[in-house]
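> this is a predicted model, with the sequence first.
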Amino acid sequence: MAISRSQLVKELEPGLNALFGLEYKNYENEHAEIFDTESSDRAFEEEVMLSGFGNAQVKAEGQGVSFDDAQETFTSRYTHETIALAFSITEEAIEDNLYDRLASRYTKALARSMANTKQVKAANVLNNGFDGNFAGGDGVSLFGNNNVGAIVNHPTLAGTFSNQLQTPADLNETSLEQSLIDISAFTDERGLKIAARGMKMIIHPNQQFTAERLMESKGRTGTADNDINAIVSRGMVPQGYVINHYLTDTDAFYIKTDVPNGMKMFNRSPIKTSMEGDFDTGNVRYKARERYSFGFSDPRGMYASAGN
């Protein structure tokens, strides 16, 4: 009895799915070092930022307590994108016993494309962070630059704040220490100190040797003095540094802070694969698809220097 096209697809699909899964998992999820992942069941997600309260007031004897209102300051929207790609193998290729060779090669290439696309889209949140054309919920880009590259601080109810090094500098001891000082001075929407800390540094591969010396040496780098490395001895940047291969600026560096609701990824639909035969052409088609979004809510969740 001749095998039908639908039966052929059912026979072939499990093997391709297994091959795709193995190849897809071979690629590191570098985005997980930057973004906190949440699930979504809608076309988009919105996160409303609240101002919190100001300082508490002295209550005079016999008088009523003071009230304050938490205000909505801005809303960040995450619109999910559908990412998909497919390939087909012709009926003639299957007839000529080329299926095994082509299917394996194409499936691995498809997995590589899907994985690479996710990492590029994730890294672009940082890559575009100095570009005023990519504004966040507060109307300013992630690191507070306008359309001509000038620094514009993020607005708050109490004034403004900045989350980038005011004098851009390459990664070195001085620039890293100043970055950590700036992060510790972060205030909330009402101007209250929040005791933020730099937790993890994210760098381009070109900076890995500088980062290793700064983050791992017990003594100060580039000096013959017997001074300690204060960054190491004080346990600053406790999660160390990670390399992101999809960053485009070779001398910029980024520091993820412990401020909540900062960098986020929403996973709308996990990656799925499917396969079908086409009656008209006789081709077999294989598809991969997923839906997600990357972005940021509170800009205090990330600090950066644009480099020199």
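Great, that's in hand.

> what stretches of this protein score poorly on pLDDT?
Low-confidence segments of the chain (pLDDT under 70): 1-13, 15, 97-99, 222-226.

> please repeat the previous calculation with a cut-off of 90.
Residue ranges of the chain with pLDDT under 90: 1-28, 50-56, 59, 68-72, 88-109, 145-152, 216-229, 233, 274-286, 308.

> longest helix of it?
helix 99-127 (DSSP state H).

> can you name the residues in contact with the following helix or strand past that one?
Helices and strands here follow DSSP states H and E; after helix 99-127, the next one along the chain is strand 154-156. Strand 154-156 has contacts (Cβ atoms under 8 Å, 6 or more residues apart in numbering) with 73, 138-140, 144, 160-163, 187-191, 299. For glycine as for every other residue, the C-beta is placed from the backbone atoms N, C-alpha and C.

> on that earlier part again, which helices and strands sit right next to the longest helix of the chain?
With contacts taken as 3 or more Cβ pairs under 8 Å, 6 or more residues apart in numbering; DSSP states H and E, helix 99-127 sits against helix 5-25, strand 81-89, strand 263-277, strand 284-296.

> deepest-packed of the ones you listed, please.
strand 284-296 (a mean of 20; mean count of other Cβ atoms under 10 Å).

> quick one: strands adjacent to that strand?
strand 81-89 (antiparallel), strand 263-277 (antiparallel) (DSSP bridges).

> out of those, which gets nearest to Gln208?
strand 263-277 (21.3 Å; Cβ to Cβ).

> could you export the closest one as CSV, CA atoms only?
Below are the C-alpha coordinates for strand 263-277, written out as CSV (Å, rounded to 0.1, in the frame of the first residue of the first chain):
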residue,chain,number,x,y,z
MET,A,263,14.1,45.2,32.1
LYS,A,264,11.4,42.8,31.1
MET,A,265,10.6,40.1,28.6
PHE,A,266,7.0,39.0,28.1
ASN,A,267,6.6,35.5,26.7
ARG,A,268,3.3,35.3,24.9
SER,A,269,3.7,32.0,23.1
PRO,A,270,6.7,29.6,23.5
ILE,A,271,8.4,28.4,20.4
LYS,A,272,6.4,25.9,18.4
THR,A,273,7.1,23.9,15.3
SER,A,274,4.7,22.3,12.8
MET,A,275,4.9,20.5,9.5
GLU,A,276,2.6,19.9,6.6
GLY,A,277,2.5,18.6,3.1
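
> since that was my last question, I'll sign off now.
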